[in-house]
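K.L.:
Sequence and predicted structure, then a few things I'm wondering about:
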Amino acid sequence: MQESVSEFNPIYQEKPQQKPQPFVHASKDIKIQADCDYLSLATSFNDFLLGEHSENNQPPNEIEIYIIKSLEAMLAGDIPDSVVPRLPDVAMSLLKELTDINISSSTIMSYINRDPALASEVLNMANSSLFRHSTDEKIVNLNKALILLGLDNLKTIVSSVLMKRLVLIAPIYFRMFGQHLWQHSQDCAEACRALAKFYGQCDPNNAYLVGLMHDIGKLAIFGLLTKALGQHLDYQPRGSVFSAIVRDHSQLLSAKIARKWSLPEYLLIALAEQSGEPQDSTMYGFILNQANILSEFKAVAEKGVKMGESFDSLLVKYSIPLPLFKEVFPIEYKALAEVD
């Protein structure tokens, strides 16, 4: 896969309007085609992550230019571990193993037994109300936990725990950023799995991992922001500039970080395809495109409805096809529609 590097102007200029991202959702009874105003949605979502509001475009100041040039250097060369910490070797090896659709439970357990923190998380989940009745005896044995959870649930839990260790390293300047980004990563992963099951053309567990990994580029960008804030205490990040920086560079960074970690080719391709046209993508890339848009809209809509906006008006504003949203987020749709 060829990696591309965007051209940067030291003085930020608005990039050409991106083409609307098409939704195509088809089954025997459903065929939906709609244009999503993804540029507007991505800006609104990045504002949500930042806790800022982008009212208009502004040229970057000296610190923001430093961040842009650092991103350019990362895309052209190496990404330092200090920006996106690498998982320990055991966890990293397990993350790669989980992409094998034929992985056995015994292989997963061999890794879990070498990671006490991960083992604890698996036991906690097995003892949660999702899997265990209050009258059942507490599970303290990993093999019993595996029997209760099942292989597919175990793969999902382990993938989530490994990624959560990275995502929740939140910059202290944006206390909610880590939590919001983690929730979005989970939403996107669940949406990817739901769409993979609906289309029936790729493995749902692998699709889940693609969705979980897709925003690691944002971690690198916010790592640079944290460094800049630590060196320039009087600097106040501006949503109108920083939202554009995140929007324009996080996808390429996600693909490059995944390659740095030597993750499987189908995942690398799916992440790289997010910078192109979705109709030209592999099935994993196409599903990720749809899942990301729906997940970003979910976050923006939930905030908007709390602020008094109409859910129906938000659907129209961002041109989101309602049947597709209901297909992927049925519970959330019901809650949002009830407010209206």
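P.N.:
Perfect, I can see it now.

K.L.:
Tell me the secondary structure at the spatially most central residue of the chain.
P.N.:
The centroid of the chain falls nearest to residue 185 when counting by Cα atoms, centre = their mean (3.4 Å). Three-state assignment for residue 185 (DSSP: H, G, I helix; E, B strand; the rest coil): helix.

K.L.:
I figured it was touching residue 217, is that so?
P.N.:
No - between residue 185 and residue 217 there is no contact under Cβ atoms under 8 Å: 11.8 Å. (Glycine included, C-beta is placed from N, CA and C.)

K.L.:
and stretch 154-168, which residues are buried?
P.N.:
Neighbour-count burial for stretch 154-168 flags 154-167 (criterion: 16 or more other Cβ atoms under 10 Å).

K.L.:
Rounded mean pLDDT for it, please.
P.N.:
For stretch 154-168, mean pLDDT is 75.

K.L.:
can you check stretch 258-277 too?
P.N.:
In the prediction, stretch 258-277 has an average pLDDT of 85.

K.L.:
List of residues touching that stretch?
P.N.:
Contacts to stretch 258-277, defined as Cβ atoms under 8 Å, 6 or more residues apart in numbering, come from residues 1, 3-4, 19, 78-79, 86, 92, 95-96, 99, 206, 209-210, 213-214, 216, 251-252, 254-255, 280-282, 284-289, 292.

K.L.:
got the CA positions of that stretch in PDB?
P.N.:
The C-alpha atoms that make up stretch 258-277 are tabulated as PDB, following Å, rounded to 0.1, in the frame of the first residue of the first chain:
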ATOM      1  CA  ALA A 258      -1.500   0.400  12.200                       C
ATOM      2  CA  ARG A 259       1.200  -0.400   9.700                       C
ATOM      3  CA  LYS A 260       3.900   0.500  12.300                       C
ATOM      4  CA  TRP A 261       2.300  -2.100  14.600                       C
ATOM      5  CA  SER A 262       2.400  -4.700  11.800                       C
ATOM      6  CA  LEU A 263      -1.400  -5.300  11.900                       C
ATOM      7  CA  PRO A 264      -3.000  -7.500   9.200                       C
ATOM      8  CA  GLU A 265      -3.300  -6.300   5.700                       C
ATOM      9  CA  TYR A 266      -7.100  -6.200   5.500                       C
ATOM     10  CA  LEU A 267      -7.100  -3.800   8.500                       C
ATOM     11  CA  LEU A 268      -4.400  -1.600   7.000                       C
ATOM     12  CA  ILE A 269      -6.200  -1.400   3.700                       C
ATOM     13  CA  ALA A 270      -9.500  -0.500   5.400                       C
ATOM     14  CA  LEU A 271      -7.900   2.300   7.300                       C
ATOM     15  CA  ALA A 272      -6.000   3.700   4.300                       C
ATOM     16  CA  GLU A 273      -9.200   3.600   2.200                       C
ATOM     17  CA  GLN A 274     -10.900   6.200   4.500                       C
ATOM     18  CA  SER A 275      -9.000   8.900   2.600                       C
ATOM     19  CA  GLY A 276     -10.500   7.900  -0.700                       C
ATOM     20  CA  GLU A 277     -13.900   7.200  -2.200                       C
END
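
K.L.:
Give me the buried positions along that stretch.
P.N.:
258-259, 261, 263-264, 266-274.

K.L.:
looking only at pLDDT, what's the mean for stretch 67-83?
P.N.:
Mean predicted lDDT for stretch 67-83 stands at 84.

K.L.:
what about residue 330, neighbour count?
P.N.:
For residue 330, the number of neighbouring residues by other Cβ atoms under 10 Å comes to 10.
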